[in-house]
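S.K.: fold the stuff below for me.
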Amino acid sequence: MSDLLYRKELLRLAADAHGAGRLAHPDATGTAHNPICGDRVSFDLVLDDGRIAEVSQETKACVLVQASASILGQSLKGETRAGVEALRRRVGAMLESGGPVPERPFGAYGAFEAAAAYSSRHRCVLLPIEAVLAAFDNSETGQPKTVGPQR
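M.R.: Okay, the predicted model is just below:
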């Protein structure tokens with residue numbers, strides 16, 4: 001992989017691991033897994049009237065997944081499911097078609113602009129967002145949910 005893909009900013013995000021750990025009493029947990037490479041990320045959420053009040057993440061994955069999870073661990077408080085769905089669309093568009101970097105508080109996703117050239121790495125960047133959406137699904141159904149590969 002290119003040095004452009006693993007910029008210092010991206011490596012710093014992964015090392016910071018914002019929100020790393022597990023919550024003692026989450027309202028919901030969601031996991032996303034990519035069996036092709038073994039990446040797995042889980043998010044615990046405490047929700048208050050549909051908004052994320054507390055968040056934590058546990059990531060066993062590549063640097064790209066770790067950095068994306070760190071951005072979410074730092075910036076998700078106050079977000080709703082609709083906000084996370086919109087973030088998924090914006091990050092996907094940034095990677096797939098050169099769309100703009102998401103606005104604050106998610107501007108750190110700009111560190112992934114070089115990943116656009118590596119379509120096989122898009123899933124890595126999006127996996128943590130999918131885990132958060134799975135947690136929202138779990139909060140609505142009361143059933144654990146793991147997101148696997150998308151076809």
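S.K.: now the longest helix seen in the chain: average pLDDT?
M.R.: For the chain, the helix reaching the highest residue count under DSSP state H is reported as helix 122-141. The average pLDDT within helix 122-141 is 93.
S.K.: relative to Glu113, how far out is the residue nearest the centre of the chain?
M.R.: The geometric centre of the chain, computed from its C-alpha atoms, lies nearest to Pro128 (Cα atoms, centre = their mean), at 2.5 Å. Computed as Cβ to Cβ, to the nearest Å, the Pro128 to Glu113 distance reads 17 Å. Bear in mind the C-beta positions are built from the backbone N, C-alpha and C, glycine included.
S.K.: coming back round to it: any buried residues in the longest helix of the chain, and which?
M.R.: 122-139 (16 or more other Cβ atoms under 10 Å).
S.K.: same question for stretch 98-111.
M.R.: Result for stretch 98-111 [16+ other Cβ under 10 Å]: buried residues 102, 106, 108-109, 111.
S.K.: quick check: next helix or strand after whatever helix or strand Ser70 lives in?
M.R.: Taking DSSP states H and E as the definition, Ser70 sits inside helix 63-75. Heading C-terminal from helix 63-75, the first helix or strand you meet, by DSSP H and E, is helix 81-97.
S.K.: for that next one, enumerate the helices and strands it packs against.
M.R.: Contact here means 3 or more Cβ pairs under 8 Å, 6 or more residues apart in numbering; DSSP states H and E; on that basis helix 81-97 packs against helix 122-141.
S.K.: kindly calculate the angle that the helix it packs on makes with helix 81-97.
M.R.: Relative orientation of helix 122-141 and helix 81-97, computed by axes from the mean of the first three to the mean of the last three Cα atoms, to 10 degrees: 160 degrees.
S.K.: send me helix 122-141 as PDB with only the CA atoms.
M.R.: As requested, the backbone C-alpha atoms of helix 122-141 are provided in PDB (Å, rounded to 0.1, in the frame of the first residue of the first chain):
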ATOM      1  CA  HIS A 122     -13.500   1.400   1.400                       C
ATOM      2  CA  ARG A 123     -15.100  -1.400   3.500                       C
ATOM      3  CA  CYS A 124     -12.400  -0.900   6.200                       C
ATOM      4  CA  VAL A 125     -13.300   2.800   6.500                       C
ATOM      5  CA  LEU A 126     -17.000   2.200   6.600                       C
ATOM      6  CA  LEU A 127     -17.000  -0.900   8.900                       C
ATOM      7  CA  PRO A 128     -17.100   1.100  12.200                       C
ATOM      8  CA  ILE A 129     -20.100   3.200  10.900                       C
ATOM      9  CA  GLU A 130     -21.900   0.000  10.000                       C
ATOM     10  CA  ALA A 131     -21.200  -1.300  13.600                       C
ATOM     11  CA  VAL A 132     -22.900   1.900  15.000                       C
ATOM     12  CA  LEU A 133     -25.900   1.400  12.700                       C
ATOM     13  CA  ALA A 134     -26.100  -2.300  13.900                       C
ATOM     14  CA  ALA A 135     -26.200  -1.000  17.500                       C
ATOM     15  CA  PHE A 136     -29.100   1.300  16.600                       C
ATOM     16  CA  ASP A 137     -30.800  -1.800  15.000                       C
ATOM     17  CA  ASN A 138     -30.200  -3.700  18.200                       C
ATOM     18  CA  SER A 139     -31.700  -0.900  20.300                       C
ATOM     19  CA  GLU A 140     -34.800  -1.100  18.200                       C
ATOM     20  CA  THR A 141     -35.200  -4.900  18.100                       C
END
